[in-house]
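Participant: here is a sequence with its predicted model. Questions after.
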Amino acid sequence: MENDKLCIVEEEVMKPQSLGKTARISVSWFVSATVLLLAILFLPAITAAQQKARTVDELANMYDVGSCKQCHAKVYEEWEKSTHARSLIGTGRTIGGFQGMIRGGLMGAFTKSGVKDVKDVKVEHLAWCFKCHLPQIKDATDQVAQELAKAYVDADRATLGKVNINCLICHNTKAILHKWQDGEPEKGVVYGSKDGPHPDKYPAMKQSVVMKEAAMCGQCHGTGPNFEFPQPSQCGTAYGSYLHAYVPAGGTETCQDCHMKRDGKGHLMPAYRDPDMAKRAVDVDVDARGYKFLLKAGDSIPTAVVTVRITNKAGHRIPDG
Ligand code: HEC
Ligand code: HEC
Ligand code: HEC
Ligand code: HEC
Ligand code: HEC
């Protein structure tokens with residue numbers, strides 16, 4: 001169809017006798033037809049790109065990582081078992097914490113939050129937590145915030161488990177820190193250690209200069225209170241103690257060195273619940289000396305002096321997060 005029209009236009013333009021009005025009409029008709037055609041072809045793509053997710057399922061689809069499993073099976077399996085893969089649920093305590101925040105906070109003590117019911121919840125009411133627990137909330141509408149708030153109130157793990165900190169959050173959304181310098185993360189790109197083609201629906205690989213740096217993790221394992229929100233709170237703070245205590249004391253390892261590489265744990269990124277990590281947490285040095293305390297002749301009291309030295313070997317306070 002398109003080609004036929006194109007041919008007719010070309011024929012008319014080619015004829016010397018029709019170089020007058022007809023040709024101009026044909027050309028301008030062709031131009032407007034083309035513009036219309038392009039608009040029809042590209043409009044859905046443009047609106048889709050700008051459109052925000054209206055349901056949790058739509059948000060999960062936007063950040064779908066099902067395809068990654070096929071080629072990065074080991075990484076995928078490690079990640080699947082990590083707490084990042086259940087960042088709205090955690091070990092179970094996270095659900096409880098969020099229920100408290102919604103019921104006791106937004107709908108309770110925070111009388112100026114504007115939230116009386118789940119129906120009043122907007123993205124901004126969850127963003128002060130989801131900044132780290134679900135950064136992709138930036139691409140969702142208030143409807144999604146309401147669906148997730150309801151899922152928390154109902155302890156609906158199935159819904160809360162659909163969205164999480166997945167491959168695309170670290171290898172795209174959070175892969176560029178200095179955006180005035182390096183620009184926003186591009187669509188269709190997985191960021192890692194090098195540039196090149198990538199055989200996936202994300203067809204390019206680009207180097208991220210922060211992927212191996214502690215600051216990469218520091219974006220969510222933060223430095224202290226998040227003062228940018230109307231209701232500042234503090235949750236993850238490991239990067240703060242890493243920067244201000246571990247590094248000044250001569251520490252040279254990164255989060256990735258200890259949590260991904262040292263014991264080959266990779267994308268599991270475990271902490272104290274992993275026996276290997278727990279062993280590495282502290283050095284305990286116990287020095288005990290027993291003696292008899294002779295009060296008076298024939299009346300001695302057995303006594304001991306016990307000195308315990310505990311050295312923190314982690315890259316931050318413990319406990320911390
Ligand atoms: C997008 C935000 C984000 C980024 C980036 C991020 N984390 Fe996390 N991380 C979290 C959240 C949120 C949790 C807690 C999930 C929960 O328990 O609810 C977590 C949990 C953890 C835990 C606890 C694991 C456990 O089993 O107890 C470790 C360790 C960890 N992350 C290490 C890292 C390291 C290392 C990096 C960098 C390579 C990193 N994280 C990057 C948000 C992030
Ligand atoms: C919490 C952040 C985080 C998440 C989630 C994450 N990655 Fe990574 N990934 C990293 C970091 C950091 C490195 C670089 C580690 C290093 O070399 O210091 C890395 C390295 C890699 C590498 C190259 C080296 C290797 O380990 O094989 C691949 C491939 C990779 N990731 C794929 C994935 C896939 C696929 C997923 C999802 C199943 C995923 N990543 C999820 C942070 C993450
Ligand atoms: C058809 C196979 C295939 C699929 C599907 C696939 N990848 Fe890859 N990926 C590769 C190959 C091959 C490389 C390049 C490895 C190399 O050159 O060392 C790669 C490299 C990467 C790297 C860079 C690793 C580095 O060196 O730092 C990341 C990050 C990555 N993939 C993430 C993903 C994510 C996320 C998905 C899912 C959205 C995905 N991949 C899906 C095959 C695949
Ligand atoms: C020198 C090694 C080392 C470095 C560097 C390091 N960690 Fe840890 N981290 C550990 C060990 C060991 C534990 C387990 C101790 C514990 O949790 O009791 C741990 C525990 C954690 C926990 C769980 C803490 C808790 O108590 O709930 C998180 C989260 C974490 N680290 C994140 C990070 C992040 C993010 C970085 C970088 C800013 C980092 N770690 C750097 C060794 C390290
Ligand atoms: C700066 C990033 C950040 C923000 C903002 C944030 N969190 Fe977290 N949160 C984390 C990280 C990282 C962990 C994992 C720490 C760990 O495993 O030690 C975590 C863990 C948790 C846990 C589990 C603690 C445990 O002991 O298992 C709860 C509950 C929680 N967050 C609730 C919230 C709530 C509610 C908000 C909003 C008021 C919030 N978080 C805001 C980063 C953040």
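Facilitator: Done, it's in. Ligands and ions are numbered 1, 2, ... in the order given.
Participant: quick one: pLDDT of the closest residue to ligand 3 within the stretch 151-300 of the chain?
Facilitator: Residue of the stretch 151-300 of the chain nearest ligand 3, by Cβ to the nearest ligand atom: G192 (2.3 Å). Every C-beta, even on glycine, is put in place using the N, C-alpha and C of the backbone. As summarised for this prediction, G192 has a pLDDT of 98.
Participant: same thing with V31?
Facilitator: In the prediction, the pLDDT value recorded for V31 is 41.
Participant: cool, N61 as well?
Facilitator: 98.
Participant: element containing it, please.
Facilitator: helix 56-62 (DSSP states H and E).
Participant: CA atoms of that helix as PDB?
Facilitator: These are the backbone C-alpha positions of helix 56-62, laid out as PDB (Å, rounded to 0.1, in the frame of the first residue of the first chain):
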ATOM      1  CA  VAL A  56       2.000  -3.500  39.600                       C
ATOM      2  CA  ASP A  57       1.900  -6.000  36.800                       C
ATOM      3  CA  GLU A  58       2.700  -3.300  34.200                       C
ATOM      4  CA  LEU A  59       5.600  -2.000  36.400                       C
ATOM      5  CA  ALA A  60       6.900  -5.600  36.700                       C
ATOM      6  CA  ASN A  61       6.700  -5.900  32.900                       C
ATOM      7  CA  MET A  62       8.600  -2.700  32.300                       C
END
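Participant: contacts for that helix next, please.
Facilitator: Outside of helix 56-62, the residues that reach it under the criterion Cβ atoms under 8 Å, 6 or more residues apart in numbering are A53, Q136, I137, D139, A140, V144, E147, L148, A151, T159, K162, V163.
Participant: anything in that helix near ligand 3?
Facilitator: No. Using Cβ under 6 Å from any ligand atom, helix 56-62 stays clear of ligand 3, with a minimum separation of 11.9 Å.
Participant: would you mark the buried spots in that helix?
Facilitator: Residues of helix 56-62 classed as buried under the neighbour-count rule (16 or more other Cβ atoms under 10 Å) are V56, E58, L59, A60, M62.
Participant: quick one: the next helix or strand along the chain from it near ligand 3?
Facilitator: Read in the C-terminal direction, the helix or strand following helix 56-62 is helix 68-71, with elements assigned using DSSP H and E. Yes. Taking Cβ under 6 Å from any ligand atom as the criterion, helix 68-71 and ligand 3 are in contact, through C68, Q70, C71.
Participant: out of those, which is most surrounded?
Facilitator: Within those, C68 tops the neighbour count with 20 neighbours, counted by other Cβ atoms under 10 Å.
Participant: how close does the residue nearest to that one when sequence neighbours are not counted get to Q99?
Facilitator: Excluding the flanking residues, the one nearest C68 by Cβ to Cβ, 6 or more residues apart in numbering is C167, at 5.3 Å. Taking Cβ to Cβ, to the nearest Å as the criterion, C167 is separated from Q99 by 28 Å.
Participant: I appreciate the help and will end here.
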